[in-house]
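Chemist: this one's sequence-less:
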């Protein structure tokens, strides 16, 4: 159920609706929009009767939601969500380039990369302190030590930090040190972790599972939002197919498909999908062209020495070239 | 690195090797076999030097492991692992039928199903108390209350209980009440949960991820084993493909492929893969015929009222028919 | 539209219906069943008016067909089709083992394989004279010379010959020399070739395309049947997925799915799907267990010298073992 | 084997090499490049001995080709191939927009669409006269009558005609009336048709099979080229995956992957891949951005009345918008 308020509804009107929803043992999710506020209701176990709400002051209409997702939906919020992180935004006019190291390996590697990212005028830095690795014997990240280096990146360069949480203890730490909490592909349906992220006070960057349908992806975001954290950024990072010329098949058609259904911003990861750096620039351009709200891209000062995913990291010069091309294209698309 | 002991090596010889491994800051995993014990070494960050081990009493040879997986491998343990649960086994001569309810919904539904399972001479009962659901608004399971019902199933019918853990708190409870801890498809690469399962004292049933390669699947088992729990049962449950006549495409070729590489037992789930009950019997037969060590199958007294995955649950009569056919086939294959 | 005749309808009644259908510019396809004959109508460009047929003698009812396929459907023919080839059958009580060489390479290789196949009591021999090869530079088959060797196999061993046609000139020759015309995976949607096969006087073995849905597969069979050749045998041979432990992923769930919708017999090819011989025996057993009507399997006297697909060909001893196991399983399933 | 000529080699030198190749029963394929000519050799059944060529005048070196493809490869021709059609090109500086109707349904529909295409300054018109349809009962195209309408499009608007051939008789007609012969997805491995296309005097537009690897795709082009027709244009049109928000998953990473290996131009079809028009504009932009050499796109005056694939056809206004955006992006990428 979705309660659409009149455009002139007051804060008190909204508060009254929330109160009634909660008195019935359910949860209210007010979503202010450009013209009106809508209030999503979750926590019901059966269909909701609209009669307790229909006559409240300021209520325009009660809409039955037929899709399995509610809070992610354009039905609830027709305008696009703009996520604000410090003085940067994702989902607004600006095209967000989130660049950095796949894994934080050392202070030197991280700082030198951050300097290049900042020099290009980018506002976000990515760096993994907890790495979900296929093998138990592979490098698993520097953990809190890595997060401290990332905190110093923010202090030195003013970059907003995006870092992955692989479990609840890691999420506690990432929430403490970083600005955006990343939930990775392999955890897209780790529902306990999604709920925990939904209780966090920081935006969540949610990557699509490698075999996830659009509905499963949006419902994973719904898990986060249903706990009250509405700042979710989606990320397409390639799906698993038979094709063997890339690690994963980047599915750019997801961008317009999501934008039609959901108000959430969506970005593209051309690095993990392709797995080889020479394909990263073309697919970054394509990501900007298809209408994504940003990119998540790996850069490394010495990729041949990287402890994780070196072959996909852009060299500094390639990164600069990419930023220039991508911004020119984003300008055409977003105007 | 893998240290193969002579057939006449004593327990003291083995203990001495373990001691030396640990003194070097690594972990030793002794695996007794029919003819000899092999000792896997993990926890090294670089290649291991064999010289400290080569001359120890009872050591036959030191073998470099070239595959990313070590403990799951036939190199370490040429004989098949037989997992013992109470007086039942999986991976031995017997074909294991693990049958029961997808979700524990009520005492009556669970007990009536368990009675039928026990009457057919099956030794394992499955029932979910924690359900990983795509939507945050779907039935999530009865949690501890459900586990208590399952405990009563064991007491009344002597059936060994298999139940899924979706996060660490759930795993604590499942370990307490059940006999086998199931890790589901969506958590196959939840590495923190795998490590926690590796510290459990009960066998783990690990389901293949819906887009997992054989290598990723075996490495997920390796995560569990690397923590010291060697009682891992693998389960093929279908992979995601374009084919739309079933929910997932059951990949029975995985069974001989795994058996060639790994000593771990592997079973088949015909219920979740197909999604419709009329395909469950044929694919159960096929699972027995391909050489799997058992089945994991849903049964329900009133599938049309099931809170989760009703269409795939066998009716009682279908279940009885299935058991008869499957045992006749298993007898041919396992003789 | 489908016209169901009364059980007592005479040949004259049926002939009269056919005549009326044809007088309206459409095509009639009478399908005799155990209890009654049904007549499919194709060639209409818009919905058919039932009034010209409703009152004809012997007509029981006129049924609107809502599925895109008509002639393949159980709606038209509730009983399973049994395809007769010489004194052998496919789709009846007997489990059909079609074994032989992937490619006819020489008289000696073909004859020695045929002897083993015949000695095991099999009734069909497969052998390719025209090979659809991914590379233009690979061995393309012996063409008519190969077909003459196959003709001699029939003469010497009484085996029915199954051979692939890759284009219309090849089909002319295969129709002349062989007993069953095979249409391969890569030609499943070569609609001109399907139409030509529909005009042939011999049964057609149609392999599923490597990314074909069940609907596309059945409609490919419908192309053949719509030209008047109702003797179509379907064959599952694996689909393309991300899984890399086999060449293709054998989708055994297709067998019960097809059997629910269609009266056509369906067999399994465990050789081309797996690509390695040690997986062929387990998947042959699984094919029999799932309820397929037969197998299509590669055998070779010296696989290491094979010009095409050697690694998947069974050695003679493996073939004998397989036949024994498969027949024991088929006996359980088909009783 | 590949014979690289010196930059100063004369036509006579080349002719002499060709002569020697042919005298050995093989086929020579001279490929002139910007700096030097290379001569591919096909038709050998075993490895070629370089000694007959090494000392011929003008020969720089003899290179063994290790990949299964030869003529498509950058090893043979380091410069990109530019295909000339009338006064238009594909693969050169210009971004080629091939737009038109999926199926020619009537003179009016075709002419009105062609007018819009020409007004936008596009140089190619697509229109299907032979439609490969999944169902035998669906509209199959106007055949020669359709081709005559397309011929009139060329005469009236000066547009170069691209039309699909589904079998050899159709190819004869398409070759007669059209300027570029299209081979569709379902025929990508119809090797007889590929060979026939290789004997045609007109360029061939080859669409990727819906489950084709990059190697299979390039080898399909190699079939055409091995018959002497070097004017092949590749086309990515989406592959089959589990994703259900589009008909096929457009795999834009194929473009840089092909460009690295092959000199052939490659374009993108955003219409058949997505299946819905609102996704066609974003993916057209992405196709231009990723570096493709052009687009193949469906337009229709009244898509709701289309006999084939209406939902994916752009309306005239959408087409104009798309052309403007795509050209602006192509300008950035191709400069």
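Modeler: Thanks, I have it. The structure presented is a predicted model; accordingly, all values stated were derived computationally and were not measured.
Chemist: domain ranges for chain A?
Modeler: A:2-63, A:83-334 (automatic domain parsing).
Chemist: ok now the shortest one, how far from the chain's centre?
Modeler: Read that as domain A:2-63. 27 Å (C-alpha atoms, centre = their mean, to the nearest Å).
Chemist: now do the longest one
Modeler: In terms of C-alpha atoms, centre = their mean, the centre of domain A:83-334 is set 8 Å apart from its chain centre.
Chemist: so how far is the first residue of it from its last?
Modeler: Start-to-end span of domain A:83-334 (C-alpha to C-alpha, to the nearest Å) is 17 Å.
Chemist: pLDDT averaged over it - what is it?
Modeler: Averaging pLDDT along domain A:83-334 yields 96.
Chemist: Residue A:111 and residue A:155: what is the separation?
Modeler: Per C-beta to C-beta, to the nearest Å, residue A:111 is found 11 Å from residue A:155. All C-beta atoms are positioned from the backbone trio N, CA, C, and that covers glycine.
Chemist: Relative to chain D, which of the domains of chain A is closest?
Modeler: Counting by C-beta to the nearest C-beta, chain D lies closest to domain A:83-334 out of those; the figure is 3.5 Å.
Chemist: which residues of the stretch 51-200 of chain A fall in strands?
Modeler: A:59-63, A:83-85, A:88-90, A:96-103, A:124-128, A:160-164, A:180-183 (DSSP state E, counting those that start in this stretch).
Chemist: Mean neighbour count and distance to chain D added to those, as CSV?
Modeler: Formatted as CSV, the strands of the stretch 51-200 of chain A follow (neighbours: other C-beta atoms under 10 Å in any protein chain shown; distance: least, C-beta to the nearest C-beta, whole Å):
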stretch, mean neighbour count, distance to chain D
strand A:59-63, 16, 23
strand A:83-85, 18, 21
strand A:88-90, 21, 18
strand A:96-103, 26, 15
strand A:124-128, 27, 21
strand A:160-164, 26, 23
strand A:180-183, 25, 20
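Chemist: Without its sequence neighbours, what residue ends up closest to residue A:37?
Modeler: Sequence neighbours aside, residue A:5 is the residue nearest to residue A:37 in space, at 4.6 Å (criterion: C-beta to C-beta, 6 or more residues apart in numbering or on different chains).
Chemist: can you list the strands of the stretch 51-200 of chain A in a markdown table and add distance to residue A:246?
Modeler: Output for the strands of the stretch 51-200 of chain A, formatted as a markdown table (distance: least, C-beta to C-beta, whole Å):
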| stretch | distance to residue A:246 |
| --- | --- |
| strand A:59-63 | 42 |
| strand A:83-85 | 29 |
| strand A:88-90 | 25 |
| strand A:96-103 | 16 |
| strand A:124-128 | 20 |
| strand A:160-164 | 22 |
| strand A:180-183 | 21 |
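Chemist: Which one of those strands lies nearest to residue D:151?
Modeler: strand A:96-103 (49.8 Å; C-beta to C-beta).
Chemist: For residue A:140, give me its contacts.
Modeler: Applying C-beta atoms under 8 Å, 6 or more residues apart in numbering or on different chains to residue A:140 gives the contacts A:130-131, A:133.
Chemist: if you set the cut-off to 6 Å instead, what comes out?
Modeler: Counting by C-beta atoms under 6 Å, 6 or more residues apart in numbering or on different chains, residue A:140 makes contact with A:131, A:133.
Chemist: mind checking how far it is from residue A:132?
Modeler: Separation of residue A:140 from residue A:132 (C-beta to C-beta): 9 Å.
Chemist: ok, the residue nearest to residue A:37 to chain B distance?
Modeler: 23 Å (C-beta to the nearest C-beta, to the nearest Å).
Chemist: Quick check, the residue in the stretch 201-335 of chain A closest to chain B?
Modeler: As assessed by C-beta to the nearest C-beta, chain B sits closest to residue A:211 within the stretch 201-335 of chain A, at 3.4 Å.
Chemist: SS state for the closest residue to that residue other than its chain neighbours?
Modeler: Sequence neighbours aside, residue B:211 is the residue nearest to residue A:211 in space, at 3.4 Å (criterion: C-beta to C-beta, 6+ apart). On the three-state scheme (DSSP: H, G, I helix; E, B strand; the rest coil), residue B:211 is labelled coil.
Chemist: Quick check: beta-bridge partners of the residue nearest to residue A:37?
Modeler: Residue A:5 forms beta bridges with residue A:59, as assigned by DSSP bridges.
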